[in-house]
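Chemist: sequence and computational prediction follow.
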Protein chains: 2
Amino acid sequence: MIESPYELDVDTALVARGDGRFAVHVTDRWNIGAAPNGGYLGVITTRAIAAVLPQPDPFSVTSHYLAVARPGPAEVVTEVVRLGKGHSTAEARLVQGGREIVRTLAVFGDLGTLEGPTDVRCRLPPLPAPEDCEEGRPAPSLPVIAERLDVFMPKGAASWMSGIRSEVPELGVWIRLRDGRAPDPISLVFFADAFPPPVLNLGAVQTPWVPTLEMTVHVRARPAPGLLRAWFRTRALMHGYLEEDGEIWDSTGTLVAMSRQLARVHRG
Amino acid sequence: MIESPYELDVDTALVARGDGRFAVHVTDRWNIGAAPNGGYLGVITTRAIAAVLPQPDPFSVTSHYLAVARPGPAEVVTEVVRLGKGHSTAEARLVQGGREIVRTLAVFGDLGTLEGPTDVRCRLPPLPAPEDCEEGRPAPSLPVIAERLDVFMPKGAASWMSGIRSEVPELGVWIRLRDGRAPDPISLVFFADAFPPPVLNLGAVQTPWVPTLEMTVHVRARPAPGLLRAWFRTRALMHGYLEEDGEIWDSTGTLVAMSRQLARVHRG
């Protein structure tokens, strides 16, 4: 087996312990503040599920975030729920120090063999070309995870970072992993949670901390190499809880993932 | 304990067997063809989760549909994943004859105690008043589940039933349980899957059978009594797989649930 040299692969590498259990080292390279990013943790659990199922591609991946992870050793415990010819289902739990951090339930299939009608009504995100966007450069004000990413946003899209609220809870971006790793289906679980929440564009939101309770990613196609473009928006902030929907498209203009999370504007 | 006289409650009644296990009788009153409706089964697993958690309301409920259920006896096996002050998480498996039929993973909270900012950008479904809609009356061509529901749709909304495809994969409806049971948070898991799939408005879809692989419902508020209004749409049918998004509003015009499912246009 050839080890991938890329950061996302190295930092989610699993060591099989038998009986569907894996050891993993959660690194601090995907941190937001002191905590590893939820999408990064979701790649760990989704890779563990991939390791115990016959089909290669995640079709729907739901992760519940139960406790804050810390960089350091962890265990992933998997359970095969159903093995099928077309789809299979499994679950993975990320555990640290006896405490369950993330539980992921996913159905896998093979995106390379699908046959059936196609009719896509979503529109490609209306983004300016990357060279006409602002590049999000790592800075002391940005979390560590920003060092892993090339991000290009329309000018002013994340203006809340400089104190200006647009009152439009939407965010469009171009993105790729900075070390050149091409996107693949499992990495879309990461990309779907790699962005600052567009709900921060609302002045009513007084905290930058918007923890995810549950996130579901539908992977719809294998992404082509190159920049992904994504659009995230929140349509219903209700009593501090919000959904955030995302669409991710590849460099050829194919819709590759749809995501939705339930999150909470943290009080205090 | 006073037993509810209403069909949805009677037909999802759980008998505790200890150790988080429950007996249930799956009835044929919510059938589509020979199979009980997935939303009905989701109410069974969600009620079992409610029975083992301290908080009353489902916040996010994900169900994976693993095998076709049959009317008859079944068991629900629950596992408490995390108990918390604000939210708790649990899982339930519906099992028939040793075979797992549905697995549900849900986080619960208390919709009655939420505090925080509100900003809703979704629009109330643009439906004519119920009296200006067509009433879906039970008929030999309709599944048994239709006998449980009062449904009012704009004229022509489900025209595929008479062979006319609108090519607009959207569907708006007014709905309530016919026996007068008021909607509550757990019943929204049912309502989110109680409608014919709007993807059938596309001529490219040659089968009426659109089985759900995974469905997630976010319950956002406790519904007021009265008619619910809902809007469902599919924006991405890709190689026979589709997402279907739903929004459900109560009689006071409050958004009470958002749903998304991954389903498949059955071949053959």
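Modeler: Done, it's in. Residues are numbered from 1 along each chain as shown, chains lettered A, B, ... in the order given.

Chemist: confirm that residue A:46 sits in a helix.
Modeler: Yes: using DSSP: H, G, I helix; E, B strand; the rest coil, the assignment for residue A:46 is a helix.

Chemist: who's in contact with it?
Modeler: A:58, A:61, A:92, A:104, A:106, A:186, A:189 (CB atoms under 8 Å, 6 or more residues apart in numbering or on different chains). The C-beta positions use only the backbone N, C-alpha and C, and glycine is treated the same way.

Chemist: and residue A:264, by the same measure?
Modeler: With CB under 8 Å, 6+ apart, residue A:264 has these contacts: A:210-211, A:213, A:240-242, B:116.

Chemist: quick check: phi and psi at residue A:191.
Modeler: phi -60, psi -30 (degrees, to the nearest 10).

Chemist: partners of the helix or strand of chain A with the lowest mean pLDDT in the sheet?
Modeler: In chain A, no helix or strand scores lower on mean pLDDT, DSSP states H and E than strand A:134-135, which sits at a mean of 84. Strand A:134-135 pairs in its sheet with strand A:149-153 (antiparallel), by DSSP bridges.

Chemist: for the partner strand, the distance to its chain's centre please.
Modeler: Per CA atoms, centre = their mean, to the nearest Å, the displacement of strand A:149-153 from the mean C-alpha position of its chain is 15 Å.

Chemist: same question for stretch A:68-82.
Modeler: Using CA atoms, centre = their mean, the offset of stretch A:68-82 from its chain centre is 16 Å.

Chemist: repeat for stretch A:48-56
Modeler: For stretch A:48-56, the distance to the chain centre is 18 Å (CA atoms, centre = their mean).

Chemist: is that stretch anywhere near chain B?
Modeler: No: Stretch A:48-56 does not reach chain B (CB under 8 Å from any CB of the partner chain); its nearest approach is 12.3 Å.

Chemist: what sits closest to the closest residue to chain B within the stretch 1-150 of chain A if chain neighbours are left out?
Modeler: At 2.0 Å from chain B, residue A:116 is the closest residue in the stretch 1-150 of chain A, using CB to the nearest CB. Nearest in space to residue A:116, with sequence neighbours left out and distances taken as CB to CB, 6 or more residues apart in numbering or on different chains, is residue B:240 at 2.0 Å.

Chemist: and the pLDDT at whichever residue of the stretch 151-268 of chain A sits closest to chain B?
Modeler: In the stretch 151-268 of chain A, the residue that lies nearest chain B is residue A:240 (2.0 Å; CB to the nearest CB). Looking at residue A:240, its pLDDT reads 97.

Chemist: give me the residue ranges of chain A where confidence is low.
Modeler: Under the criterion pLDDT under 70, the flagged ranges of chain A are A:1-2, A:137-140, A:268.

Chemist: would you map the helices across it?
Modeler: Secondary structure of chain A by DSSP state H: the helices cover A:7-10, A:38-52, A:187-191.

Chemist: winner for burial among the ones you listed?
Modeler: Using mean count of other CB atoms under 10 Å in any protein chain shown, the stretch among the helices of chain A with the largest mean neighbour count is helix A:187-191, at a mean of 27.

Chemist: is any part of it close to chain B?
Modeler: No: shown here: helix A:187-191 not in contact with chain B (CB under 8 Å from any CB), separated by at least 14.0 Å.

Chemist: re earlier: take the helices of chain A and lay them out in CSV including distance to residue B:22.
Modeler: Formatted as CSV, these follow (distance: least, CB to CB, whole Å):
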stretch, distance to residue B:22
helix A:7-10, 42
helix A:38-52, 27
helix A:187-191, 33
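
Chemist: to residue B:25, which of those lies closest?
Modeler: Residue B:25 sits nearest to helix A:38-52 of all the helices of chain A, at 33.1 Å, using CB to CB.
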